[in-house]
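# Everything below, folded, please.
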Amino acid sequence: MWSAGWNILILSFASLASAQIPKKCFPPSKYPSTRLAEKYTKRPRFNVGEKVYYNCATGFIPHRGSRAVQCINGEWTKLTLKCEKKSCGNAGDLPNGHFEYEGNSFVGEKVYAVCNSGYTLKGRNYMICKKTGWTGKVPSCEEGETTCSSPAVANSVKSGGSVSVYRVGENVTFTCSPGFQLDGAQQVTCGPDGQWQPKPPQCLPSPDKNEPTPGYQEAGKCGVPEAIENASPADKYFKIKSFASGDRVHYVCNIGYIPSRGSRYRMCDNGKWTPITLKCERRSCGSAGEILNGQFMYDGIEFGDVATVICDEGYILVGKATRTCMSNGWDGRIPVCEAVDCPEPPEVANAERSGTQESPYIYRSVIHYKCRVGRLIGPKEIWCTEDGTWSSPPPQCKEMTCLPPNVPNAYWMGAHTNQYQHRDTLYIECKRGYSMTGLNTVTCGSDGKWSPDPPTCGRTQRRTYQRHY
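Below is the predicted model of the structure:
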């Protein structure tokens, strides 16, 4: 009985003791719109009382609350930090035009430039809001419309006669002179960049000058069917120069274009081609891809458009900066935005270094310097900038000396020298007939100044007595 009782009592004390052992915490939870420093996520346990700190996620800024949570007996306290989406605000004025906003100017949203009538947009037609503000060159609206000069194709006749300037969207159709055949697109369009799309063709000498040329037709027969906007007859008809009534041909969209509506067939009807209703539109490439720590800025996502990579602040581009929408999709590979890495920070003699202690020293890593001896000359901290260099040269720890104190009508015991070292102490006494204001003990400080300020010695005033009668 006694043995069993003692056993129960001992077990009870053991249970009580084990229950009082503080519990450690697992890694803290994730919260919306916040991020936890990577050094915390790699640790399996945290000690009781230990604190960790959250920051707002990219594109968000602190609104209210504390950044810290604390481990209390195996549980983390609740995070009170509230982050709100960062806004770039107003993009400013656009002379001779205006900006149209995609949303509320939050990070990731775009603002589009729209020029007034009679003005032409120069540059990309939008900017994008990033955490550093509106990104991209500000567009401008210049007076005058974009035009294309008259295309010159030797040995040809073009539609429109002798027009010297064409507006965006206007077409020109070429017919080769007798004895020459067309090499390239028969119809070109004035593009928004002032260039003909596609490139104007050539009229090359025909191998057999007795054969009918494009556009020529015998009685009851049809000549070579002409190209239409963004489409041409299939290649198998290329060598056929004459078509009988009832012959049918089909068209294919040019490279980079796909059928959108209408029939691709037309027929030779007693020397005339029936109308064709085929309409071709530019092929869409969709997204150019997702980039960690960066994003694409698009001229568009259709054939011929270009997507340009913009890395986030503190990251540099590795790979080609652009991708072009081709007939089979975006060309090239998705590039990478790598974190900026600064070299090992310089050591400073007689100084202690704190802050980020191990490489890599990524963007915004901060190094603090504190002098063990002497006075700090220069910045007390340097940081890794977005171009991979330190913000400034490191400081120096310069040992300062003090000049002899200038105290008229005073003297002090000990060595008299031109310079006193840090921590040297002097005991100052006023000459006879003078009295002291201030402390008589001064010490040479690390800043080259006496501390406290040296006293002053003023002449002692004689007392006067007034005789009373």
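
# Could you check how far stretch 102-118 is from the centre of its chain?
In this view, stretch 102-118 has its centroid 18 Å away from the chain centroid, taken as CA atoms, centre = their mean, to the nearest Å.

# ugh, typo on my part, it should be stretch 244-259
In this view, stretch 244-259 has its centroid 45 Å away from the chain centroid, taken as CA atoms, centre = their mean.

# how long is that stretch from one end to the other?
Stretch 244-259 has an end-to-end distance of 27 Å (criterion: CA to CA, to the nearest Å).

# lowest average confidence, helix or strand, in the chain?
Scoring the helices and strands of the chain by mean pLDDT, DSSP states H and E places helix 2-19 at the bottom, with a mean of 47.

# End to end on stretch 167-178, go ahead and measure it.
Across its full length, stretch 167-178 reaches 30 Å end to end, with CA to CA as the criterion.

# So which bits of it are buried?
In terms of neighbour count (16 or more other CB atoms under 10 Å), stretch 167-178 has its buried residues at 172-176. All C-beta atoms are positioned from the backbone trio N, CA, C, and that covers glycine.

# do stretch 84-102 as well
Residues of stretch 84-102 classed as buried under the neighbour-count rule (16+ other CB under 10 Å) are 85-86, 88, 91, 94, 97, 99.

# Please export the C-alpha coordinates of that stretch as PDB.
Listed in PDB are the C-alpha atoms of stretch 84-102, where the atom choice follows Å, rounded to 0.1, in the frame of the first residue of the first chain:
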ATOM      1  CA  GLU A  84      -3.700  47.600 -48.500                       C
ATOM      2  CA  LYS A  85      -3.100  47.500 -52.200                       C
ATOM      3  CA  LYS A  86      -0.600  50.200 -53.300                       C
ATOM      4  CA  SER A  87      -1.900  52.700 -55.800                       C
ATOM      5  CA  CYS A  88       0.200  54.700 -58.300                       C
ATOM      6  CA  GLY A  89      -2.300  57.500 -58.300                       C
ATOM      7  CA  ASN A  90      -2.700  59.900 -61.200                       C
ATOM      8  CA  ALA A  91      -0.400  59.300 -64.200                       C
ATOM      9  CA  GLY A  92      -0.300  63.100 -64.900                       C
ATOM     10  CA  ASP A  93      -1.400  65.100 -67.900                       C
ATOM     11  CA  LEU A  94      -1.000  64.000 -71.500                       C
ATOM     12  CA  PRO A  95      -0.700  67.100 -73.800                       C
ATOM     13  CA  ASN A  96      -3.000  66.800 -76.800                       C
ATOM     14  CA  GLY A  97      -4.600  63.700 -75.400                       C
ATOM     15  CA  HIS A  98      -5.700  62.000 -72.200                       C
ATOM     16  CA  PHE A  99      -5.200  58.900 -70.100                       C
ATOM     17  CA  GLU A 100      -7.800  56.200 -69.600                       C
ATOM     18  CA  TYR A 101      -7.400  54.100 -66.500                       C
ATOM     19  CA  GLU A 102      -7.900  50.300 -66.300                       C
END
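
# Can you pull out the residues in contact with it?
The contact list for stretch 84-102 (CB atoms under 8 Å, 6 or more residues apart in numbering) reads 33, 59-61, 63, 104-107, 109-116, 119, 121, 127, 129-131, 133-134, 138-143.

# Which of the residues you listed fall within strands?
Those of the contacts of stretch 84-102 mapping onto strands are 60-61, 63, 110-115, 119, 121, 127, 129-130, 133-134, 140-143, per DSSP state E.

# Low-confidence ranges, the stretch 351-469 of the chain, go.
The model of the stretch 351-469 of the chain has pLDDT under 70 over residues 357, 462-469.

# now the residue nearest the centre of the chain: how far from residue 295?
By CA atoms, centre = their mean, the chain has its centre lying nearest to residue 312, at 3.2 Å. Spatial separation of residue 312 from residue 295 under the definition CB to CB, to the nearest Å is 8 Å.

# Ok, residue 34 next?
From residue 34 to residue 295 the distance is 21 Å (CB to CB).

# how deep is the residue lying closest to residue 258 once chain neighbours are set aside tucked in, by neighbour count?
Nearest-residue entry for residue 258: residue 283, 5.0 Å, with adjacent residues in sequence omitted and distances by CB to CB, 6 or more residues apart in numbering. Counted by other CB atoms under 10 Å, the residues lying close to residue 283 total 19.

# quick one: contacts for residue 283?
With contacts taken as CB under 8 Å, 6+ apart, residue 283 has the following neighbours: 256-258, 302-303, 325, 327.

# sorry, back to before: between residue 34 and residue 295, tell me which one has more neighbours.
In terms of neighbours (other CB under 10 Å), residue 295 is the more surrounded of residue 34 and residue 295; the figures are 21 against 17.

# Show the pLDDT at that one.
Per-residue confidence for residue 295 comes out at a pLDDT of 88.

# Now do the closest residue to residue 74 other than its chain neighbours against residue 223, distance only.
Counting by CB to CB, 6+ apart, the nearest residue to residue 74 once its immediate chain neighbours are dropped is residue 23, at 3.2 Å. When CB to CB is the yardstick, residue 23 and residue 223 sit 91 Å from each other.

# Over to residue 134?
56 Å.

# Also residue 317?
53 Å.

# Show me the helices in the protein, by range?
Listed in chain order, the helices of the chain (DSSP state H) span residues 2-19, 38-41.

# neighbouring contacts of the shortest one?
Under the criterion CB under 8 Å, 6+ apart, residues 27-28, 52 lie in contact with helix 38-41.

# any idea how far residue 79 is from residue 66?
The span separating residue 79 from residue 66 equals 8 Å under the rule CB to CB.

# Settle it for me: which of the two has more neighbours?
A count of neighbours by other CB under 10 Å puts residue 79 above the other of residue 79 and residue 66, at 20 against 15.

# Need the per-residue pLDDT for the more buried one.
Looking at residue 79, its pLDDT is 89.

# My read is that it contacts residue 62, right?
No: contact criterion CB atoms under 8 Å: residue 79 and residue 62 do not qualify, at 11.9 Å.

# count of neighbours near residue 410?
Other residues within reach of residue 410 by the criterion other CB under 10 Å amount to 18.

# Quick check, it in contact with residue 440.
No: shown here, residue 410 and residue 440 do not form a contact pair, counting by CB under 8 Å, at 9.0 Å.

# Which neighbours do the two have in common?
Here residue 410 and residue 440 share the contacting residues 428-429, 455, scored by CB under 8 Å, 6+ apart.

# buried subset of those residues?
428, 455.

# Dump the shared contacts of residue 410 and residue 440 into CSV; add distance to residue 150 as well.
Written out in CSV, the entries for the shared contacts of residue 410 and residue 440 read as follows (distance: CB to CB, whole Å):
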residue, distance to residue 150
428, 96
429, 102
455, 94
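
# quick check, nearest of the shared contacts of residue 410 and residue 440 to residue 166?
Residue 166 lies nearest to residue 455 out of those, by CB to CB, at 92.0 Å.

# before we move on, the earlier item: neighbour-wise, which of residue 23 and residue 223 wins?
Taking residue 23 and residue 223 together and counting by other CB under 10 Å, residue 223 has the greater number of neighbours (20 against 11).

# how deep is residue 65 tucked in, by neighbour count?
13.

# For it, which residues are in contact?
Taking CB under 8 Å, 6+ apart as the contact definition, residue 65 lies against 79-82.

# Just the pLDDT at it, thanks.
Residue-level confidence at residue 65 comes out at 81, pLDDT.

# Cheers, nothing more for now.
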